[in-house]
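*Asks:* based on what follows, work out the 3D shape:
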Amino acid sequence: QVQLVESGGGLVQAGDSLRLSCAASGRFFSTYTMGWFRQAPGKEREFVASITWNGGVTTYVGSVKGRFTISRDNAKKTVYLQMNSLNPEDTAVYYCAVRTGGAFGSWGQGTQVTVSS
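*Replies:* This next block holds a predicted model:
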């Protein structure tokens, strides 16, 4: 089973950048599609981005396209989310997850991102 630990969140100003990291344990990390999700206060958790096992295909929700970049380093068992041009609407707890059996799961504890205007 894969265990995930997110890090890199913080308090930033609008227009700033952050890079989130998600460190994974487990033997088969390099075979999984990985994803980032976020949950803002009072809202449902939403998909942000995903990346296939070899990084060949990346997918983004429309609101972050052109601003966020998902990447991975299979040797380090880590997936990243580079977030540029942050705005207050990006404020949320960010989670990474692994896709197995067609669904995302094995959620980490999350990392808080707060963007002030």
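*Asks:* quick one: contacts for T91?
*Replies:* A40, V113, T114, V115 (Cβ atoms under 8 Å, 6 or more residues apart in numbering). In this view, the C-beta of every residue, glycine as well, is placed from N, C-alpha and C.
*Asks:* which SSE is the residue nearest the centre of the chain in?
*Replies:* For the chain, the residue whose C-alpha lies nearest the mean C-alpha position (Cα atoms, centre = their mean) is W36; its distance is 2.9 Å. If you go by DSSP states H and E, W36 is part of strand 33-39.
*Asks:* what residues of that strand count as buried?
*Replies:* Using 16 or more other Cβ atoms under 10 Å as the burial criterion, the residues of strand 33-39 that qualify are T33, M34, G35, W36, F37, R38.
*Asks:* what's in contact with that strand?
*Replies:* Contacts made with strand 33-39 from outside it, assessed by Cβ under 8 Å, 6+ apart, are listed as 20, 22, 24, 45-53, 70, 72, 79, 81, 90, 92-99, 104, 110, 113.
*Asks:* show me what secondary structure element comes after that strand.
*Replies:* strand 46-51.
*Asks:* hang on, the earlier thing: setting aside sequence neighbours, what's the nearest residue to the residue nearest to the centre of the chain?
*Replies:* The spatially closest residue to W36, leaving aside those adjacent along the chain, is V48, at 4.4 Å (Cβ to Cβ, 6 or more residues apart in numbering).
*Asks:* report the buried members of the contacts of strand 33-39.
*Replies:* Taking 16+ other Cβ under 10 Å as the criterion, what is buried in the contacts of strand 33-39 is 20, 22, 24, 45, 48-51, 53, 70, 72, 79, 81, 90, 92-99, 104, 110, 113.
*Asks:* quick one on the thing from earlier: mind putting the contacts of T91 in JSON lines, distance to F28, pLDDT and secondary structure included?
*Replies:* Formatted as JSON lines, these follow (distance: Cβ to Cβ, whole Å; pLDDT from 0 to 100; DSSP: H, G, I helix; E, B strand; the rest coil):
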{"residue": "A40", "distance to F28": "31", "pLDDT": "96", "secondary structure": "coil"}
{"residue": "V113", "distance to F28": "28", "pLDDT": "98", "secondary structure": "strand"}
{"residue": "T114", "distance to F28": "34", "pLDDT": "98", "secondary structure": "strand"}
{"residue": "V115", "distance to F28": "34", "pLDDT": "98", "secondary structure": "strand"}
